[in-house]
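Peer 1: Using only what follows, build the 3D model:
(2 chains)
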Amino acid sequence: MIIFLRSLLSPKTFSRFAKQCIPWLYAGFAVFFTYGLGGGLVLSPPDYQQGDAFRIIYVHVPCAFLSLLIYLIMATSAGIAAIWKIKLADHITRTSAPIGASFTLLALITGALWGKPMWGTYWIWDARLTSELILLFLYLGYIAAISAFSQQRSAEQVGRIIVLVGAINIPIIHYSVYWWNTLHQGATLSKLAKPSMDAQMLYPLLAMIVAFFLFYLAVLLTRMHRIISSPYANSATTGA
Amino acid sequence: MIFFKLLKFELLQNLRRYNDLTTPLWFLLLVSCLFSLSLQHEPGLLQKAAPGIIWSGLLLAMLLSIHQLFAPDYQSGVLEQMILSPTSLVLIVWVKVIAYWLKTCLPLLACIPLLALQLQLSFEQTQLIFFSLLLATPSLVLLGALGAALTLRLQNNNLLLSLLILPLSFPFLIFGLGMTHQATLGLPITTPLFLLIALLILSIGLLPWIIAFSLRIGINQT
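Peer 2: Numbering: from 1, shown residues only, chains lettered A, B, ... in the order given. Model (predicted):
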């Protein structure tokens, strides 16, 4: 097992392994997505307070969850890359960033669409909304920074520092925003009255989260496979 | 001691380029004029928005000038010598940051009473803004220095630097403005004050080493 895992660290083996995984990941995504969508949109009853409008939760919550999770994955692999100098970890950080940014953007958009019928406004400077927006800026800053460097090596090294500093800052930002918001406006508009979820609603939601995560993995592996196996990137990874 | 020698050298060098020194001041004054003029038809609003205007103006004035922190040394090759020299790089980073704070932030802070006159702030509010900025500017300079070190090798890096650093500076803004806001409500200001101090300690403890590391990264490859 350990030998297998170690062999995965070489980009070539990883690329081959990724190629085998991708169809399975997409299949798993299709299964969970179908169940989640069907269960969420058809089978589960409408919310007693929000009616059918609550069903956007099946897209919104997985997006928001993944936007944070992907940053966590990026930070972890950036740390691994910084300590053990593993090329693969840098690839993971790099290819995850645009996916994470798009999930963050989707979470913001679906949240705005949900906010309009529920709160009467597309946008409010609520704690969660604000920290999600700042998270988007962190992603964009990282992407802008690594694409500004023409050399892959310095882009990777600078990227690691940016991601790690951002990861230290995320909890600080979150709590500062939370604190500021509670000070300013209290409970005027924000915070849905959240009924503890019924199993009929909960399971499709969990299935959707799993489906989105599998989708992320599938996209990540596809992109990494392409980057590693392309002749240009290969020369950059080996030659430096 | 080498620390004070370096600091003296750094300050002298900066004082001789006094154009760089005054530009952030004019920028800050202009920003406040801009807001005063654009809000002049709504009298009460200006006074309410004043702390936010001063804070964001100062933040922008600092960010727009901080790329000069390492860039001249990098271009002239002095930075490489600093890294090669037996003196610890962290010490040099400290000298740079302190010199920058003394030459840019101190004049900006000295401008605050003038801005307060312009924006019709009361004495107590001005005091609070001054102290919150006094506590926050060292951390903000350290953050900016990190951005400057990371974007060292890029020309025209100003926008990228702001994109990297501004999201990280939100907590300082929130706590700093929280202080004035608490005070206007008549509440104790200890919570935001202590949080600002905690952030200051955190950035003093962590950032110089990260900055030194980033500088090495910036130099080591060509």
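Peer 1: all contacts plus neighbour counts: C-alpha atoms, from now on.
Peer 2: Noted.
Peer 1: Only alpha carbons, please: show stretch A:57-74 as PDB.
Peer 2: Provided in PDB are the C-alpha atoms of stretch A:57-74 (Å, rounded to 0.1, in the frame of the first residue of the first chain):
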ATOM      1  CA  ILE A  57     -30.200  25.000  -1.100                       C
ATOM      2  CA  TYR A  58     -29.300  21.800  -3.000                       C
ATOM      3  CA  VAL A  59     -27.000  23.900  -5.200                       C
ATOM      4  CA  HIS A  60     -26.100  26.700  -2.800                       C
ATOM      5  CA  VAL A  61     -24.900  24.700   0.200                       C
ATOM      6  CA  PRO A  62     -22.700  22.300  -1.700                       C
ATOM      7  CA  CYS A  63     -21.100  25.200  -3.600                       C
ATOM      8  CA  ALA A  64     -20.400  27.100  -0.400                       C
ATOM      9  CA  PHE A  65     -19.100  24.000   1.300                       C
ATOM     10  CA  LEU A  66     -16.700  23.200  -1.500                       C
ATOM     11  CA  SER A  67     -15.500  26.700  -1.800                       C
ATOM     12  CA  LEU A  68     -14.100  26.400   1.700                       C
ATOM     13  CA  LEU A  69     -13.000  22.800   1.400                       C
ATOM     14  CA  ILE A  70     -11.100  23.500  -1.800                       C
ATOM     15  CA  TYR A  71      -9.200  26.400  -0.100                       C
ATOM     16  CA  LEU A  72      -8.400  24.000   2.700                       C
ATOM     17  CA  ILE A  73      -7.100  21.400   0.200                       C
ATOM     18  CA  MET A  74      -5.000  24.100  -1.500                       C
END
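Peer 1: does chain B sit close to it?
Peer 2: No: figure legend: stretch A:57-74 not in contact with chain B (CA under 8 Å from any CA of the partner chain); closest approach 15.1 Å.
Peer 1: residues in contact with that stretch?
Peer 2: A:36-37, A:40, A:92-94, A:96-97, A:100-101, A:103-104, A:106-107, A:110-111, A:163, A:167, A:204-205, A:208-209, A:212-213 (CA atoms under 8 Å, 6 or more residues apart in numbering or on different chains).
Peer 1: If you count neighbours, what's buried in stretch B:21-32?
Peer 2: Neighbour-count burial for stretch B:21-32 flags B:21, B:24, B:25, B:27, B:28, B:29, B:31, B:32 (criterion: 16 or more other CA atoms under 10 Å in any protein chain shown).
Peer 1: and these, which of them are in helices?
Peer 2: B:21, B:24, B:25, B:27, B:28, B:29, B:31, B:32 (DSSP state H).
Peer 1: I figured the third one was touching residue B:107, is that so?
Peer 2: Yes: assessed by CA atoms under 8 Å, residue B:25 is found in contact with residue B:107 at 7.2 Å.
Peer 1: follow-up on the earlier one: now the buried residues of stretch B:21-32 as a markdown table including distance to residue B:114 and pLDDT?
Peer 2: Compiled in a markdown table, the buried residues of stretch B:21-32 are given as follows (distance: CA to CA, whole Å; pLDDT from 0 to 100):
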| residue | distance to residue B:114 | pLDDT |
| --- | --- | --- |
| B:21 | 18 | 79 |
| B:24 | 15 | 87 |
| B:25 | 11 | 89 |
| B:27 | 14 | 90 |
| B:28 | 11 | 90 |
| B:29 | 9 | 90 |
| B:31 | 13 | 90 |
| B:32 | 10 | 88 |
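Peer 1: Where does pLDDT dip in chain B?
Peer 2: B:156, B:221-222 (pLDDT under 70).
Peer 1: that older thread, let me have the buried residues of stretch B:21-32 in JSON lines, extended by distance to chain A.
Peer 2: Formatted as JSON lines, the buried residues of stretch B:21-32 follow (distance: CA to the nearest CA, whole Å):
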{"residue": "B:21", "distance to chain A": "28"}
{"residue": "B:24", "distance to chain A": "24"}
{"residue": "B:25", "distance to chain A": "27"}
{"residue": "B:27", "distance to chain A": "25"}
{"residue": "B:28", "distance to chain A": "25"}
{"residue": "B:29", "distance to chain A": "28"}
{"residue": "B:31", "distance to chain A": "24"}
{"residue": "B:32", "distance to chain A": "24"}
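Peer 1: Right, I'll call it a day here.
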